[in-house]
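Participant: Mind looking at a prediction? Sequence and model below.
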Amino acid sequence: MEVPYFDAASTAPLHPLARQALLSALDEGWADPARLYRDGRRARMLLDAARETVAAELGARTDEVVFTTSGTQANHLAVLGALAGNHRNGRHLVHSAVEHSSVLHAAERAEADGGSASAVPVDRQGRVDPTAFAAALRPDTALAALQSANHEVGTVQPVAEAAALCAERGVPLLVDAAQSLGPLGSPAGWSLLTASAHKWGGPAGVGVLAVRKGVRYRSPLPADDREAGRVPGHVNVPAVIAAAVALRAVRQEAAALNPLQHARIARLREALPGLVPDLAVLGPAEERLPHLLTFSCLYVDGEALLGELDRAGFAVTSGSSCTSSTLTPSHVLAAMGVLTEGNIRVSLPAGCEDADIDRFLDVLPNAVAAVRSKLDAPSAAVPTADEVTLDTLGRRCPIPVIELAKHLTDVPVGGMVRVLSDDEAAALDIPAWCEMRSQEYVGSEPAAGLNAVAYLIRRLS
């Protein structure tokens, strides 16, 4: 690729063997696999072979695996179908606070239909405590959900431990393995598992839903005679074949590729804080996906930094709390209690070279400096009062934090800064900034006469 592509966590480039399989399957597997004539039988044989391949990689039976149109659809079906099938035990769902949005949206639907849900918090590394996860289970819990690895920061979750504790309570565990299935394989202990082919180098439009035998499941969709009655509509046989070929290939390549990716990410983790002032690397150093790293830059708008890196020739993504399209904080970063502003996620594809890492390290400092200069980032000042109030009403992140950093030295050590803000991200970013800069976050209070909040910060150094 001419442009270094560092967004494999969103969509991995199509694996070369998957491309070959797809082109061949377009000629051989185009017919309806439900038909009995020759072309239909051939398509069915190819579909069965692909199912066997995927099932083998999951450690599942072939009749436990069905194909969906996406990982999102697989998660929707898994959550709603397991809750419906296990409704006699109750209608309560337990999930981590950092699950993929598709799981959270399905939880919202279940709550709207009269069920209930509990979110289990995570630590600052994005990891859930298995004991806390088990403690959230109730007698009426019908399903628990825990992703195998986080899609934003790469944290690998303790699925096996959580699964054992769920099994003791008779609660099925849904594992969203979309990010980890390619590099790490199938985790142990799942009752239901979902995945998405375009995350491992297969074509987009293919998801996987696996349901263990004995797990109560009832499809939330109208009845259909395809895919065990769980997913209606015609199966995209060529795409499924290519997805299966890609999965087997990346699993065979993982033993050699993972150490290389680990080393590249470790190099970024070590180098970035020294190259860019006020940069924090998020997520754990060890228990993580081998190819993914997220970092946060103070006083930087994530979307603006993404644009600078794009102009410099790098395709990355931003987990920033505020973008022009959403203005919504990342629920993952918020749950971790870290900065939701100025985030960049780097996720390396299999074709990454060490030279790409060299160039990224050369480009990033100038890109950050360019964005900070446009936002008038903070500089030192002489104290002028024991308390100052900063009016940032109507201004979105990272401006409230930038103004706080610029004016903290307007007060002496022990002085107080009040930041007035009507941006919901300020409730996350100001405490996180205080944590990073070793200042005291005193708390917040309604701003009198304003539809806003006053955040109180005491200068400690």
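Facilitator: All right, it came through fine.
Participant: Show me what the longest helix seen in the chain is packed against.
Facilitator: Of all the segments of type helix in the chain, defined by DSSP state H, the longest one is helix 237-275. In terms of contact count using 3 or more C-beta pairs under 8 Å, 6 or more residues apart in numbering; DSSP states H and E, helix 237-275 is assigned the packing partners helix 16-28, helix 38-58, helix 181-184, strand 279-282, strand 292-297, helix 354-375. Backbone N, C-alpha and C define where each C-beta goes, glycine included.
Participant: Quick one: name whatever helix or strand follows the fifth one.
Facilitator: Secondary structure here is assigned by DSSP states H and E; on that basis, the next helix or strand after strand 292-297 toward the C-terminus is helix 302-311.
Participant: so what's the residue nearest to the spatial centre of the chain closest to, chain neighbours aside?
Facilitator: Taking C-alpha atoms, centre = their mean as the criterion, His151 is the residue nearest the geometric centre of the chain, at 2.3 Å. By the measure of C-beta to C-beta, 6 or more residues apart in numbering, the closest residue to His151 outside its immediate chain neighbours is Gln179, 5.1 Å from it.
Participant: all strands of the protein, in order?
Facilitator: Remark: strands of the chain, listed N- to C-terminal, are 65-68, 92-96, 116-120, 141-145, 173-176, 192-196, 207-211, 279-282, 292-297, 343-347, 387-391, 416-421, 440-446, 453-458; assignment by DSSP state E.
Participant: If we go by neighbour counts, what in the last one is buried?
Facilitator: Read that as strand 453-458. Along strand 453-458, these residues count as buried under the neighbour rule (16 or more other C-beta atoms under 10 Å): Val453, Ala454, Tyr455, Leu456, Ile457, Arg458.
Participant: List just the nearest of those residues to Val276.
Facilitator: Among the buried residues of strand 453-458, Ile457 lies closest to Val276 (C-beta to C-beta), at 23.7 Å.
Participant: Now do the same contact list for the residue nearest to the closest one when sequence neighbours are not counted.
Facilitator: Setting aside the residues directly before and after it, Ile457 is nearest to Val417 in space (C-beta to C-beta, 6+ apart), at 4.7 Å. If a contact means C-beta atoms under 8 Å, 6 or more residues apart in numbering, then Val417 has 387-390, 404, 407-408, 410-411, 456-459 as its contacts.
Participant: what about 10 Å?
Facilitator: Each residue near Val417 by C-beta atoms under 10 Å, 6 or more residues apart in numbering is listed here: 385, 387-390, 403-405, 407-411, 430, 439, 442, 455-459.
Participant: got it, and Ala119?
Facilitator: For Ala119, the contact set (C-beta under 10 Å, 6+ apart) comprises Leu93, Val94, His95, Ser96, Ala97, Val98, Glu99, Leu104, Ala107, Ala136, His331, Ala335.
Participant: In a markdown table: these, plus pLDDT, neighbour count and distance to Cys397.
Facilitator: What follows is the contacts of Ala119, written out as a markdown table (pLDDT from 0 to 100; neighbours: other C-beta atoms under 10 Å; distance: C-beta to C-beta, whole Å):
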| residue | pLDDT | neighbour count | distance to Cys397 |
| --- | --- | --- | --- |
| Leu93 | 98 | 26 | 31 |
| Val94 | 98 | 26 | 31 |
| His95 | 98 | 26 | 27 |
| Ser96 | 98 | 26 | 25 |
| Ala97 | 97 | 17 | 20 |
| Val98 | 96 | 29 | 20 |
| Glu99 | 97 | 28 | 24 |
| Leu104 | 96 | 19 | 22 |
| Ala107 | 97 | 24 | 26 |
| Ala136 | 97 | 19 | 31 |
| His331 | 91 | 18 | 15 |
| Ala335 | 93 | 22 | 17 |
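Participant: quick check, nearest of those to Arg41?
Facilitator: Comparing these against Arg41 with C-beta to C-beta picks out Glu99 as the nearest, at 40.5 Å.
Participant: Would you quantify the distance from the closest one to Gly71?
Facilitator: The span separating Glu99 from Gly71 equals 12 Å under the rule C-beta to C-beta, to the nearest Å.
Participant: Find the residues that touch each one of those two.
Facilitator: Applying C-beta under 10 Å, 6+ apart, one finds that Glu99 and Gly71 are jointly contacted by Asp176.
Participant: Just give me the neighbour total for the residue nearest to Ala204 when sequence neighbours are not counted.
Facilitator: By the measure of C-beta to C-beta, 6+ apart, the closest residue to Ala204 outside its immediate chain neighbours is His198, 4.2 Å from it. Taking other C-beta atoms under 10 Å as the criterion, the count of residues near His198 is 22.
Participant: next one: Val211
Facilitator: 27.
Participant: From Tyr441, how far out is it?
Facilitator: 45 Å.
Participant: ok so, going back, between the helices and strands packed on helix 237-275, which gets nearest to Ser219?
Facilitator: helix 38-58 (17.9 Å).
Participant: Could you check the angle that closest one makes with strand 207-211?
Facilitator: Relative orientation of helix 38-58 with respect to strand 207-211: 70 degrees, computed using axes from the mean of the first three to the mean of the last three C-alpha atoms, to 10 degrees.
Participant: Of all the residues in helix 38-58, which ones are buried?
Facilitator: Taking 16+ other C-beta under 10 Å as the criterion, helix 38-58 shows 42-44, 46-47, 50-51, 53-58 as buried.
Participant: Tell me what angle that helix forms with helix 237-275.
Facilitator: Between helix 38-58 and helix 237-275, the angle comes out at 30 degrees (the same axes, to 10 degrees).
Participant: Correct me if wrong: Leu209 contacts Ala195.
Facilitator: Yes: with contact defined as C-beta atoms under 10 Å, Leu209 reaches Ala195; the gap is 8.5 Å.
Participant: Name the residues contacting each of those two.
Facilitator: Common neighbours of Leu209 and Ala195, using C-beta under 10 Å, 6+ apart, are Thr68, Gly71, Ala74, Asn75.
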